[in-house]
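Asks: Make a model of this:
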Amino acid sequence: MTELAYIVSTEVVDSWKNVGRNWGNSLHRIMSRTGSFPPALARWVVEKFSERGDVVLDPFSGKGTAPLEACLTGRVGVGNDLAPEAYVVTRAKVNPVSLKEVRSWLEHAAKVMRPDAVSVYDAEENVRVFYHPQTLKQILAIREVLFESDDDVSNFVKACMLGILHGSSEISLSVPCSHSFSMAPDYLRRYVERHGLKRPVRNVLASLMKKAEAVLADGLPPVRGAAFNTDALRLPFADESVDLVVTSPPYFNLQTYAWDNWLRLWFLGYDYRVVGKRLFGTQSVPRYVSFMEKALREMFRVLRFGGFCVLVVGDVKLGRKRVDMAELLLEPAEDAGFVPEAVISDGIRREHKYLMYLRPWQGVDREKLLVLAKGAPRKRVRGLVRVS
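Replies: Next up, the predicted model:
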């Protein structure tokens, strides 16, 4: 196995560590989601390892950060994720619609939706704890309208709904709570009672319009991309059809994506328990390595000769044990056919972590980019030292 040579890149630090949390295009703020890497880091990788017009793929796209940055910089951004809410948001970012189209959809919805014809008891008790009955009736009515079609406008509205379904802003539909993840109902009940919180009455269509105005404030990307909702081990792409792969693969089971998004999945018509069984997660290092070798072989297949694959990984704490994911994935990457180029390493300050609620011995405390090449790279990248 190749011995790792770590390099610290001040360019990476300058490109995202020193920018604000709201850096980047307003489309990034459709929905907050745990476990996402910063847009500025995605921008640096996309610009460093690809050219305008290239196809950039993220096979574990999460909320679509890398595919959107690709589209914003003149590449064709393609995202794939097996999680339904991640697919909806990725698709909304790489195939956004105009504010005029959103307004037309909302005007149509206002005419056909029938909130008085639905009952709050159409939603389970764990959902009802989040909402005022009047607000929940509107949510259920809009949900029925959205289920009737799956075009880009409807999908964009779905994504906006996911972004306001819970949170604490003036357009959030729920009792004030986290906007990044769906809180546990029992905890929320106690929290609401302890703090005397009120479930707000919202005009859901008006809140949706305000959300769309905010996320479309910076306009549309110059290039449209594509999104898929399939298994990363069986990507729907031809051999050597992608110029750059950039992704943050699953971090064992540190992020319980299905449970963290159980309320959003409910809105989309899914049971989080069923979704959770489809998503990969494990505490077993051998099982994780086996899964990632298969995923890396698929990335190698779709990547063109001379292209790069950049994995955003880190030092993971499993209990009291530290796992260097860059080192762990090096051998499976080589077995898949990749040539290691470099590892870029830098610490993450706690205020920049997306999972700040984790205890000191949990989660990721050092971000790393494992840079892999398929054959001889078609371009030399300034500042990278070949691993030897």
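Asks: Can you show me the strands along the stretch 101-250 of the chain?
Replies: 226-228, 242-247 (DSSP state E, counting those that start in this stretch).
Asks: Can you tell me which of the ones you listed is packed in deepest?
Replies: Of the strands of the stretch 101-250 of the chain, the one with the most neighbours on average (mean count of other Cβ atoms under 10 Å) is strand 242-247, at a mean of 25. C-beta: built from backbone N, CA, C; applies to glycine.
Asks: If you count contacts, what does the helix or strand following that strand end up packed against?
Replies: Sequence-wise, the next helix or strand downstream of strand 242-247 (DSSP states H and E) is helix 257-260. The contact analysis (3 or more Cβ pairs under 8 Å, 6 or more residues apart in numbering; DSSP states H and E) places helix 257-260 against helix 272-278.
Asks: now the helix or strand following the helix it packs on: mean pLDDT?
Replies: Sequence-wise, the next helix or strand downstream of helix 272-278 (DSSP H and E) is helix 285-302. Average pLDDT, helix 285-302: 95.
Asks: buried set for helix 285-302?
Replies: Tyr288, Phe291, Met292, Glu293, Ala295, Leu296, Arg297, Glu298, Met299, Phe300, Arg301, Val302 (16 or more other Cβ atoms under 10 Å).
Asks: Kindly calculate the angle that the helix or strand just after it makes with strand 242-247.
Replies: Following helix 285-302 in sequence order, the next helix or strand is strand 303-318 (DSSP H and E). Angle, strand 303-318 to strand 242-247, by axes from the mean of the first three to the mean of the last three Cα atoms, to 10 degrees: 0 degrees.
Asks: What strands line up against strand 303-318, and which way round?
Replies: strand 242-247 (parallel), strand 321-324 (antiparallel), strand 363-373 (antiparallel) (DSSP bridges).
Asks: Tell me which of the ones you listed sits nearest to Ala123.
Replies: strand 363-373 (32.7 Å; Cβ to Cβ).
Asks: need the strands of the stretch 101-250 of the chain in CSV with distance to Val94 and mean pLDDT, can you?
Replies: Shown next, in CSV, are the strands of the stretch 101-250 of the chain (distance: least, Cβ to Cβ, whole Å; pLDDT from 0 to 100):
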stretch, distance to Val94, mean pLDDT
strand 226-228, 6, 98
strand 242-247, 14, 98
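Asks: closest one to Glu47 among these?
Replies: Using Cβ to Cβ, the nearest of the strands of the stretch 101-250 of the chain to Glu47 is strand 242-247, at 10.4 Å.
Asks: ok, and what's touching that closest one?
Replies: By Cβ atoms under 8 Å, 6 or more residues apart in numbering, the residues outside strand 242-247 that reach it are 42, 45-46, 49-51, 54-61, 66, 75, 78, 299, 302-304, 307-312.
Asks: Which residue, neighbours along the chain excluded, lies closest to Asp218?
Replies: Leaving aside its chain neighbours, Asp218 sits nearest to Ser26 (4.3 Å; criterion: Cβ to Cβ, 6 or more residues apart in numbering).
Asks: do the same with Gly74
Replies: Nearest to Gly74 is Arg52, by Cβ to Cβ, 6+ apart, at 3.8 Å.
Asks: For the one you found, give its distance to Cys71.
Replies: 11 Å (Cβ to Cβ, to the nearest Å).
Asks: Any idea which of the strands paired with strand 303-318 gets closest to Val201?
Replies: strand 363-373 (37.4 Å).
Asks: and the closest one, what's its mean pLDDT?
Replies: Strand 363-373 comes out with an average pLDDT of 77.
Asks: do the same with stretch 107-118
Replies: Rounded mean pLDDT across stretch 107-118 is 95.
Asks: Equivalent analysis for stretch 159-177, please.
Replies: Per-residue scores along stretch 159-177 average to 97.
Asks: can you give me how far that stretch is from the chain middle?
Replies: 18 Å (Cα atoms, centre = their mean, to the nearest Å).
Asks: Quote the end-to-end distance of it.
Replies: This stretch, stretch 159-177, spans 19 Å end to end (Cα to Cα, to the nearest Å).
Asks: residues of it that come out buried?
Replies: In stretch 159-177, residues buried by neighbour count (16+ other Cβ under 10 Å) are 159-167, 171-177.
Asks: what does stretch 215-234 give?
Replies: Val215, Leu216, Leu220, Pro221, Val223, Gly225, Ala226, Ala227, Phe228, Asn229, Asp231, Ala232.
Asks: List the residues that contact the third one.
Replies: Same thing as Leu220. Pro96, Ser98.
Asks: Okay, it and Cys71: tell me how far apart.
Replies: Taking Cβ to Cβ, one finds Leu220 at 9 Å from Cys71.
Asks: So this protein: which segments form each domain?
Replies: Listed by automatic domain parsing, the domain ranges of the chain are 6-96+222-373, 99-215.
Asks: Deepest in the core, which of those is it.
Replies: domain 6-96+222-373 (a mean of 20).
Asks: Next, the distance between the ends of stretch 50-64.
Replies: By Cα to Cα, the extent of stretch 50-64 from end to end equals 18 Å.
Asks: what mean pLDDT would you report for that stretch?
Replies: Mean predicted lDDT for stretch 50-64 stands at 97.
Asks: just stretch 250-268 next, same as before
Replies: 87.
Asks: Next up, the contacts around Ala238.
Replies: Val302.
Asks: State the distance from it to Lys158.
Replies: Counting by Cβ to Cβ, the gap from Ala238 to Lys158 is 29 Å.
Asks: what does Pro96 give?
Replies: According to Cβ to Cβ, Pro96 stands 13 Å off from Lys158.
Asks: Ok, Glu170 next?
Replies: Distance from Glu170 to Lys158, by Cβ to Cβ: 21 Å.
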